[in-house]
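**Student:** no sequence for this one, just the structure:
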Ligand SMILES: Nc1nc2c(c(=O)[nH]1)N[C@H]1C(S)=C(S)[C@@H](COP(=O)(O)OP(=O)(O)OC[C@H]3O[C@@H](n4cnc5c(=O)[nH]c(N)nc54)[C@H](O)[C@@H]3O)O[C@H]1N2
Ligand SMILES: Nc1nc2c(c(=O)[nH]1)N[C@H]1C(S)=C(S)[C@@H](COP(=O)(O)OP(=O)(O)OC[C@H]3O[C@@H](n4cnc5c(=O)[nH]c(N)nc54)[C@H](O)[C@@H]3O)O[C@H]1N2
Ligand code: SF4
Ligand SMILES: [Mo]
C-alpha cells in the first residue's frame, strides 16, 4: 500500500510544531516531528501524535445537533441555522444586542478560521457582553503591552538562543511547551543556554520539570511575585544598576517608578514572597551583570490578584536593565501578517483605553472590548435590562475552565437559547440548544495568525488540509459567517461565498484605498481565510507588496515551502513598533502606579496555612484532550501533590483520597506525596471533572478526575485586567475515610 507524506503545523498548543504525517488509504498511519521544519526542527510532544486519535475519535461530532424535549438529535446544517435564526431573532427584537453573550475559548487563538472570522462574529453580535479565556489567562499581559507599547499583541519574548541569563517566573514550558512565547523544544534551548555558560533561574511554588533543569530554583508564595519583582526593581535603583542604554530617550516614567518603589525594599518584601532579602538582591545583581539577560513570566504571574502589576514589573526590569529590544534580551517578534504593530504609521499611535463601559452586575471595567469571564454567570442570573438571555460559545468549555463551574452550569440552564460551536458534546455543550461541529484539524488549513507574533524566531509557515473536508461538514469560517448573517438580519440561508466576497471587498477598500481593486483582482482565485492570508502576507512587512517587491512573500511561496520560511533572528524594533500616543514606552502610567498601593498595603499579610495552585501536564490540554486513547492511558494524572510534612500533619497518605475544601466548594483527589511542593502549597491540575450527566466523552468519563475550579472563587480578580485569580486559594485538607 502506498504511503503519502504530508506536512502540517500542530494547532494544539502554542509551540506550533511542524508535523510529518504518513497517510495510507485515507488513514493516518503515523505522526512524527518534521525534521526539516525551519522553526521546530522535528520537535514534537505526545499531543501532536494524538491528532490521529482526535481525527478518529468516534465521540467527535460530525453533524449539527438540535435539542428537542431535552434530547439531542442529528440535524442538517440548514435545519440547525434555521433553528438558530428562529430562536435568536425574537430575543434580539425584544431585548436588544446586549441580551446575547459570546464566550470565545482557547481554540479561538489556535485555529485560523476562528482567529480571522471570530472578530467578524463579535462585531455582528454587537453586544457588550463579550467574554473569553483571555481573562482566565493572559489579560494582564495584554494590558501591560497596551499601556507600555500601544498594542495588546506587542509582547516581548526572550531571545533565548542568544541570552546568557534567563529568569523565568510562573511558567513551566517543559509541560506547557511555552505560552505567549512560541518556543518548541524549550528544553533543548535551555540546555544550550547552560552549555554556553549561561544561567537559568526559575521562580515557582513547585519544583517543576522546568525548575528541575534550571541552575537555580526558588519557591515563592503563590500570588507574591509582585513583591519579589518590586524588591528587584528597588535593588536596581538602590545599587545604581540602571542601564537604559539605547532606549533611554524613548522611555517615559523612570523617576515615577523610582519614587513609587521606595516601600518595597528587599527586607520589606522578603517575608511576603518567601524569598530572602539577600537572594532578592543577588537575583537583581546577576540579572544586571550578565552580558545578555531576559526575564519572562507567564500564567503563574498573570492569574493572581496582582497579575497586571507583576507582568508590568517584569517589563520594567527588562527596560531598566537595558534588556528590552536588545539581542539576547527580551525582544519583539515581527510577524509576516496580521500584526497591528506592523500596520499603520510606525512609531506612534492612539494607545489604549480601558473601562469605556462597565459590566452591569459587578461594574467590572471593559478591557479590550470584553468583560471578565468570571462575570458571565451573574450576567445570566441577574434580571433587569441588559440581562444575558442567549449565549454563543466558540470552542469554550467554561463549566470546567472557569472558577465555580457548578454556578455557571446552573446559569446556562436559565438561558433562553444557547448555541455552541464545538467538536464534542461535553460539560458545556450539553447545555446547548444547538451544537455546530467543527471539522477535524487535519481537514483544515493552518497558519499561525497569533503565534507568529510571539515566536522565538521570525517565521512563516502554512499547512493545507491533509484530508478533504467530508461532505456534510462546514469549515469554521463559513459557520461563523452564517452566524454573522443571522445576527445582521441577512437570514440563515445567505450564500456564504457571496457574503465573504462582499466582506473582503469592503475590508480591502478600508485597508488598501485606491489599491483595493488591484488587491481584489490579485486574490480573486482565493476565498475565506486563504484570501485574507494571501492579502495579509503580501501587504505585510516581508510581503511582495502585490508586485512592488517581487522577492517578497505571498501565499503561493508559502505553499511551495512545506518546511516553512525562516525570516531570521529577532531584531530590534523600538521605536518603529510603538503605537503609544507619546511615541515612547509609557512605562509608568497612572493606572499602574496607583495600583501599586494595593501590594504596598498588603506587605505584612500572613500566609494562609494551606493554598492550592494548578498544574499542567504534557499529556493533557486544558479541559478537552482526555478522550484520546494515546493520552488517556498511563498513570492517573488528576492527583493532588502534597509535601510529605504537610501530609503528615493532616494524616494524608500517598495514594489515599483527600477532601479539599475551600470557601467555594469541595472536591476529592488522590494524594501524591512530593518534596517538590513548597510547604503550605498543594497542586491539582485544571480541566478535569468529566462526570457530568449528558456529556458524551466515553473515554474521559472513565477517569473523570476532580474539577479544580469548583474550589476557586469566581469573585476574586485582578482589578486592572479583570483576570481571574486561579492560584493561591486557601484550602483545608482532610483524609477521606
Ligand atoms: N500540556 C499542556 N500544555 C498546555 C496547556 C495544557 O493544559 N497542557 N495549556 C495551554 C495554555 S491554555 C496555556 S495558557 C499555557 C500556559 O503555559 P505556562 O504558563 O507555562 O503554564 P503552566 O505549566 O501552568 O505553568 C505555570 C507555572 O506557574 C506556577 N505558579 C502558580 N502560581 C504561581 C505564582 O503565584 N507565582 C509563580 N511564580 N509561579 C506560580 C505553577 O506551579 C506552574 O508551574 O500552556 C498551554 N500549553
Ligand atoms: N483553575 C484553572 N483554570 C484554568 C486554567 C488554570 O491554569 N487553572 N487555565 C485557563 C486557561 S490558560 C485557559 S486558556 C482556559 C481554557 O479554557 P477554554 O477556553 O474553555 O478552553 P479548553 O478548556 O481548551 O476547551 C476547549 C473547548 O473547545 C473545544 N474544541 C476543541 N477543538 C476545537 C476546534 O477545533 N474547534 C472548536 N470550535 N472547538 C474546539 C473543546 O471540545 C472544548 O469544549 O482554561 C483556564 N482555566
Ligand atoms: S508541543 Fe504543542 S504544538 Fe508541539 S506537538 Fe505538542 S501539542 Fe503540538
Ligand atoms: Mo491559556
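**Tutor:** Cool, got the structure. Everything quoted here is computed from the prediction, not taken from an experiment. Ligands and ions are numbered 1, 2, ... in the order given.
**Student:** and residue 308, how many neighbours?
**Tutor:** As a burial measure, residue 308 scores 29 neighbours (other CB atoms under 10 Å). Backbone N, C-alpha and C define where each C-beta goes, glycine included.
**Student:** Enumerate the positions of the longest helix along the chain that are buried.
**Tutor:** Counting by DSSP state H, the longest helix found in the chain is helix 77-95. Applying a neighbour-count criterion of 16 or more other CB atoms under 10 Å, one finds 77, 80, 81, 82, 83, 84, 85, 87, 88, 91, 92, 95 buried in helix 77-95.
**Student:** what's it in contact with?
**Tutor:** Contact partners of helix 77-95, identified using CB atoms under 8 Å, 6 or more residues apart in numbering, comprise 64-66, 75, 99-100, 387, 389-390, 416-417, 419, 433-434, 436, 472, 474, 482-483, 486-487, 491-493.
**Student:** for that helix, the distance to its chain's centre please.
**Tutor:** Relative to its chain's centre, helix 77-95 lies at 31 Å (CA atoms, centre = their mean, to the nearest Å).
**Student:** Over to stretch 526-540?
**Tutor:** Here the centre of stretch 526-540 is set off from its chain's centre by 24 Å, with CA atoms, centre = their mean.
**Student:** neighbouring contacts of that stretch?
**Tutor:** With CB under 8 Å, 6+ apart as the criterion, stretch 526-540 contacts 112-113, 116-117, 335-339, 342, 445, 447, 460, 462, 475, 477-478, 497, 500-501, 504, 508, 511-512, 519, 522-523, 543-546, 552-556, 558.
**Student:** Is there contact, residue-wise, from the helix or strand where residue 22 lies to ligand 3?
**Tutor:** In the assignment (DSSP states H and E), residue 22 maps to strand 18-24. No - applying CB under 6 Å from any ligand atom, one finds strand 18-24 separated from ligand 3 by no less than 6.7 Å.
**Student:** Quick check: mean pLDDT of the helix or strand just after that strand?
**Tutor:** The helix or strand immediately downstream of strand 18-24 is strand 27-33, counting by DSSP H and E. For strand 27-33, the per-residue pLDDT values average out at 98.
**Student:** So what touches strand 27-33?
**Tutor:** 3, 17-23, 40-44, 48-49, 51-52, 55-56, 442, 466.
**Student:** Turn the buried ones among those residues into a named PyMOL selection, would you?
**Tutor:** Here is the PyMOL selection string for the buried members of those, based on 16+ other CB under 10 Å:
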select buried, resi 17+18+19+20+21+23+40+41+42+43+44+48+49+51+52+55+442+466
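**Student:** What are the phi and psi values at residue 251?
**Tutor:** Dihedral angles of residue 251 (phi, psi; degrees, to the nearest 10) stand at phi -110, psi 130.
**Student:** Distance check, it against residue 293.
**Tutor:** Separation of residue 251 from residue 293 (CB to CB, to the nearest Å) stands at 18 Å.
**Student:** and those two? which has more neighbours close in?
**Tutor:** residue 293 (26 against 20).
**Student:** confidence score at the nearest residue to the more buried one once chain neighbours are set aside?
**Tutor:** Counting by CB to CB, 6 or more residues apart in numbering, residue 165 is the residue found nearest to residue 293 once chain neighbours are left out, at 3.8 Å. Predicted confidence (pLDDT) for residue 165: 98.
**Student:** Residue 676 reaches residue 206, doesn't it?
**Tutor:** Yes - with contact defined as CB atoms under 8 Å, residue 676 counts as touching residue 206 (5.8 Å).
**Student:** which residues do those two both contact?
**Tutor:** The contact lists of residue 676 and residue 206 share residue 641, where a contact means CB under 8 Å, 6+ apart.
**Student:** if you count what's nearby, which of the two comes out ahead?
**Tutor:** In this view residue 676 and residue 206 are compared by other CB under 10 Å, and residue 206 has more residues nearby, 25 against 18.
**Student:** burial count for residue 26?
**Tutor:** The local packing of residue 26 (other CB under 10 Å) involves 7 other residues.
**Student:** so how far is ligand 2 from it?
**Tutor:** 20 Å (CB to the nearest ligand atom, to the nearest Å).
**Student:** Most proximal residue of this structure with respect to ligand 1?
**Tutor:** residue 300 (2.4 Å; CB to the nearest ligand atom).
**Student:** C-terminal to the strand or helix carrying that residue, what's the next element?
**Tutor:** In the assignment (DSSP H and E), residue 300 maps to helix 299-302. Sequence-wise, the next helix or strand downstream of helix 299-302 (DSSP H and E) is helix 307-320.
**Student:** before we move on, back to that, mind listing what's buried in the helix or strand following the longest helix of the chain?
**Tutor:** Next helix or strand after helix 77-95 toward the C-terminus (DSSP H and E): strand 100-104. When burial is assessed from 16+ other CB under 10 Å, strand 100-104 yields the following buried residues: 100, 101, 102, 103, 104.
**Student:** Would you mind listing what in the stretch 151-300 of the chain touches ligand 2?
**Tutor:** Counting by CB under 6 Å from any ligand atom, the stretch 151-300 of the chain comes close to ligand 2 at residue 299.
**Student:** And the helices in the stretch 151-300 of the chain?
**Tutor:** Under the criterion DSSP state H, counting those that start in this stretch, helices of the stretch 151-300 of the chain are mapped to 173-176, 186-195, 209-212, 225-238, 254-260, 266-273, 277-289, 299-302.
**Student:** Can the first one be said to contact ligand 3?
**Tutor:** This points to helix 173-176. No - figure legend: helix 173-176 not in contact with ligand 3 (CB under 6 Å from any ligand atom); closest approach 8.7 Å.
**Student:** who's in contact with the residue nearest to residue 710 when sequence neighbours are not counted?
**Tutor:** Using CB to CB, 6+ apart and skipping residues adjacent in sequence, the residue nearest residue 710 is residue 665, 3.9 Å away. The contact partners of residue 665, by CB under 8 Å, 6+ apart, come to 404, 406, 710, 711.
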